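[1] quick one: sequence plus predicted model below, questions after.
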Amino acid sequence: MRVLGILGAHRSDGITAKMLQAVLKGASETATVDWINLADYELKPDHGDQSNPTLDKLEKQLLAADVWVLAAPVYLGSLSGVMKNFLDCFRNRIARYNAVGEAVPDRFKNKHYVTITDCYAGGIENYVTGVTDAAFKTMDKFLTMGGLIKLREIVVTHTWGMQQLSPAKQAEGERVGRKAATKKERDDNTVKRYIELFGMIAVMALVTMGIEAGIGLWLPLHNFWAYYGVFVVVFYVLLASILHFFTVVKHRRR
């Protein structure tokens, strides 16, 4: 098992790097670990048929690793430029493209990944406003395009003036690293997702029936089609809202 850390920050000794090192420390108990500091490389995209030798070197390391751990801070409400430049330069290598320009997972398919970010905002502010969401979404979009499977997100908040990780965050990083280093070859979350979906639908149906009972106190719903129509509308609105929250909005924020 090989775990590769990818640091996309201007400082190699900052909080972002320390969080990445915590994850790699946990992973090193059972796996071979290595890391890349993207700031050490002059990254430029391939030009036509001429490949960039720096990207060739990085690609070999990425192919050899089973788990990638991407770490980048939030700058100005978005992903750091160092990491973003890497994603932009590597976008034509992360997947192959078919005749109509659609990305198709290829060489990196079914590898696993962990993403790390941090911000100056406090935990409550980040939880409410989602300061770190844009960074996670950008990394997720790039990695899932290549068919990689997500294991975990880690976020560190209130980093202004922070010199060291808190004991809790250090322990969290090491715990995530240990778990990432023992991941299964296949994505084993299918059954879990079906159970979650069943629970979600069951709760939504119960809430819908409660809302409909309340509506029935004000608006008679004795006709079958009236009752059915209100149920469908309320259920759809609730289910669409919760699906949007869990698939688009919600990220680890504390």
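    Cool, the structure landed.
[2] now do the helices in the protein.
    In the chain, the helices defined using DSSP state H lie at 15-27, 53-64, 81-90, 123-129, 133-145, 167-180, 190-218, 224-244.
[3] for residue 108, find the nearest of those.
    With CB to CB, the closest approach to residue 108 among these belongs to helix 53-64: 6.9 Å. Any C-beta I mention is one placed from the backbone N, CA and C, and that applies to glycine too.
[4] walk me through the domains of this protein.
    Taking automatic domain parsing as the reference, the chain has its domains at 2-180, 190-249.
[5] in CSV, list those along with mean pLDDT.
    Shown next, in CSV, are these (pLDDT from 0 to 100):
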stretch, mean pLDDT
domain 2-180, 94
domain 190-249, 82
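[6] so which of those domains is the most packed in?
    Comparing the domains of the chain by mean neighbour count (mean count of other CB atoms under 10 Å), domain 2-180 ranks first with a mean of 18.
[7] and the end-to-end length of it?
    Taking CA to CA, to the nearest Å, domain 2-180 runs 10 Å from one end to the other.
[8] stretch 34-44 too?
    Stretch 34-44 has an end-to-end distance of 23 Å (CA to CA).
[9] other residues contacting that stretch?
    2-10, 12, 17, 20-21, 24, 52, 54-55, 58, 61, 65, 82-83, 85-86, 89 (CB atoms under 8 Å, 6 or more residues apart in numbering).
[10] follow-up on the earlier one: okay if I get the helices of the chain as JSON lines plus distance to residue 108?
    Below are those laid out as JSON lines (distance: least, CB to CB, whole Å):
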{"stretch": "helix 15-27", "distance to residue 108": "19"}
{"stretch": "helix 53-64", "distance to residue 108": "7"}
{"stretch": "helix 81-90", "distance to residue 108": "10"}
{"stretch": "helix 123-129", "distance to residue 108": "30"}
{"stretch": "helix 133-145", "distance to residue 108": "8"}
{"stretch": "helix 167-180", "distance to residue 108": "16"}
{"stretch": "helix 190-218", "distance to residue 108": "20"}
{"stretch": "helix 224-244", "distance to residue 108": "27"}
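[11] let me know which of those is the nearest to residue 152.
    Among the helices of the chain, helix 167-180 comes nearest to residue 152, with 5.1 Å by CB to CB.
[12] from residue 147, how far off is residue 1?
    19 Å (CB to CB, to the nearest Å).
[13] again but with residue 115, I slipped
    16 Å.
[14] over to residue 232?
    Distance from residue 232 to residue 147, by CB to CB: 36 Å.
[15] and if you look at residue 209?
    To residue 147, residue 209 is 40 Å away according to CB to CB.
[16] how about residue 217?
    On the measure of CB to CB, residue 217 and residue 147 end up 51 Å apart.
[17] what does residue 88 give?
    For residue 88, the distance to residue 147 - CB to CB - is 19 Å.
[18] repeat for residue 66
    The value you get for residue 66 to residue 147, if CB to CB is used, is 14 Å.
[19] got any residues that touch both of the two?
    residue 111.
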